[in-house]
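>>> model this:
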Amino acid sequence: MTGSVIDQSVLASLRQLERDTDEDLLGELIELFFEDAPARLKCLRGALAQGDANGFMRAAHSLKGSSGNLGARGMAALCADLEQRARSGTLDGVEAIVATLEKEFELVRRALEQERRACDGSAPPLAEKGSGPES
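Sure thing, here's the model as predicted:
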């Protein structure tokens, strides 16, 4: 994947809302995501272990929405794929996708931590940092 794991246009829209409302909307959304996403990933793993396609589908759907709201398009796409597979009633073949989703979450988490530091004034936003890490 090239470039940022976060859609900068989504973050720009959230920053504009912040200016319009004089609230720390982006920072609050990032905090909520950091609190919620690990729990949803754990729910995915638990539902997978139990063969609970419905619980898996609900967790994937929730994570799809929260990641999409912050511009984590790759993560949201993986969640959409998982949700669709679970909707069919089977969890065959989702293990590898969940593993990819967990790796993507770590990339997203790092990128959003950078954004949060930028909101606090302790680091430049990702859009001002070139192409990102070379890892």
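>>> Could you check how many residues crowd around the closest residue to Val5 other than its chain neighbours?
Among residues not flanking Val5 along the chain, Leu107 sits closest, at 4.6 Å (C-beta to C-beta, 6 or more residues apart in numbering). C-beta coordinates here come from the backbone N, C-alpha and C atoms, glycine included. A total of 19 residues lie near Leu107 under the criterion other C-beta atoms under 10 Å.
>>> Next, find the distance separating Leu107 from Leu78.
Leu107 is 12 Å from Leu78, where distance means C-beta to C-beta, to the nearest Å.
>>> Need the three-state assignment for Asp92.
Classification of Asp92 by DSSP: H, G, I helix; E, B strand; the rest coil places it in coil.
>>> scratch that, Leu107 is what I was asking about
Following three-state DSSP, Leu107 is assigned to helix.
>>> now do the one 4 residues further on
For Ala111, the secondary-structure state derived from three-state DSSP is helix.
>>> cool, Asp20 as well?
Classified using three-state DSSP, Asp20 is helix.
>>> Report pLDDT for the one residue sitting closest to the centre of the chain.
The chain has Ser67 as the residue nearest its centroid, 3.3 Å off, counting by C-alpha atoms, centre = their mean. With respect to pLDDT, Ser67 scores 97.
>>> In what element of secondary structure is it found?
Ser67 belongs to helix 53-69 when elements are defined using DSSP states H and E.
>>> related to what we said a few turns ago, ok, and the closest non-adjacent residue to the residue nearest to the centre of the chain?
Distance criterion C-beta to C-beta, 6+ apart; nearest residue to Ser67, sequence neighbours excluded, is Met75 at 4.1 Å.
>>> didn't the one you found look like it was pressed against Leu101?
Yes. Using C-beta atoms under 8 Å, Met75 is in contact with Leu101, at 6.6 Å.
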